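Peer 1: Predicted model, plus sequence, below.
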Amino acid sequence: MQLKEQIKRINSKWPEEHIEAFFDFLDTVLPAYGAACDFEVKRFWLAMLDDHPLERVIPAMRGALRKKIYGRPTPDVVISELEGGDITSRALLAWAEVLKAIRLVGPYQSVEFSSPAIAGAVRRIGWSKICSLPDYDLEKLQADFHVYLLASKDDHDPVVRGMESASKRLHGSPCKPPVRICGVSDYGHKRINNN
């Protein structure tokens, strides 16, 4: 089956000529990084990026390519570029918020972060575990925090339950409201999970 026929069968927000232009662009870029560039790969890229107009995707992809130091570009890097900041910068701001919560609140009381994605990342790792780590291990965890953050971008609850709050909820006792940690990663009204 020819490419034009395959493109006609794709369910996308983009018109066919934009899809074809994007696929041509991918044919140029991906092989330069040693990446596969078959039809399924192109369809995956399209599915990840077709919420944005092609006129913004191509420049964002070029910007991501200029900034990319390690390996080939990925759709999440391009999306970060489209959304006005790279994930590393946003992860650093989110990590600063986590450190602030560790220092101000600790593992016992519940914490409300400025973004559900931050709370989701903290829940994935474990709030009491994070609070108990020595500084050396916190530095190692910081290096991987962006992975947890990306995995949590669809979370909806900004609250992480502390040990005391979890215990009281289990026994039906009233809990203190969570301590609100905000402002560190909520720059320009742009949340980590883009809500």
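Peer 2: Structure's in. What do you need?
Peer 1: any chance you could map the strands in this protein?
Peer 2: According to DSSP state E, the chain carries its strands in the segments 111-113, 159-160, 179-181.
Peer 1: Run through the neighbouring helices and strands of the last one.
Peer 2: In terms of contacts (3 or more Cβ pairs under 8 Å, 6 or more residues apart in numbering; DSSP states H and E), strand 179-181 is packed against helix 87-104, strand 111-113. C-betas here are computed from N, CA, C, even on glycine.
Peer 1: So what touches stretch 130-140?
Peer 2: Stretch 130-140 is contacted from outside by Val98, Leu99, Ile102, Gly106, Pro107, Val122, Leu141, using Cβ atoms under 8 Å, 6 or more residues apart in numbering.
Peer 1: ok, now how distant is the fourth one from Leu26?
Peer 2: Distance, Gly106 to Leu26, by Cβ to Cβ, to the nearest Å: 48 Å.
Peer 1: what residue ranges in this protein are flagged as low confidence?
Peer 2: Counting by pLDDT under 70, the chain contains low-confidence residues at 1, 68-71, 84-88, 182-195.
Peer 1: What ranges does it have for its helices?
Peer 2: 3-8, 16-29, 39-49, 54-67, 75-82, 87-104, 116-125, 127-132, 135-151, 163-170 (DSSP state H).
Peer 1: okay, those, which one's buried deepest?
Peer 2: helix 116-125 (a mean of 23; mean count of other Cβ atoms under 10 Å).
Peer 1: Got the domain ranges for this structure?
Peer 2: Following automatic domain parsing, one finds the domains of the chain at 3-82, 87-189.
Peer 1: Adding distance to Leu65, write the helices and strands packed on strand 179-181 out as CSV.
Peer 2: As requested, the helices and strands packed on strand 179-181 are exported to CSV (distance: least, Cβ to Cβ, whole Å):
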stretch, distance to Leu65
helix 87-104, 15
strand 111-113, 32
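Peer 1: Which one of those lies nearest to Val77?
Peer 2: helix 87-104 (7.2 Å; Cβ to Cβ).
Peer 1: Distance-wise, check the residue nearest to Gly34 when sequence neighbours are not counted relative to Phe25.
Peer 2: Leaving aside its chain neighbours, Gly34 sits nearest to Arg72 (6.8 Å; criterion: Cβ to Cβ, 6 or more residues apart in numbering). Applying Cβ to Cβ, the value for Arg72 to Phe25 is 14 Å.
Peer 1: sorry, back to before: what would the helices of the chain look like in JSON lines with distance to Ile181?
Peer 2: Output for the helices of the chain, formatted as JSON lines (distance: least, Cβ to Cβ, whole Å):
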{"stretch": "helix 3-8", "distance to Ile181": "47"}
{"stretch": "helix 16-29", "distance to Ile181": "40"}
{"stretch": "helix 39-49", "distance to Ile181": "31"}
{"stretch": "helix 54-67", "distance to Ile181": "29"}
{"stretch": "helix 75-82", "distance to Ile181": "23"}
{"stretch": "helix 87-104", "distance to Ile181": "5"}
{"stretch": "helix 116-125", "distance to Ile181": "9"}
{"stretch": "helix 127-132", "distance to Ile181": "12"}
{"stretch": "helix 135-151", "distance to Ile181": "15"}
{"stretch": "helix 163-170", "distance to Ile181": "15"}
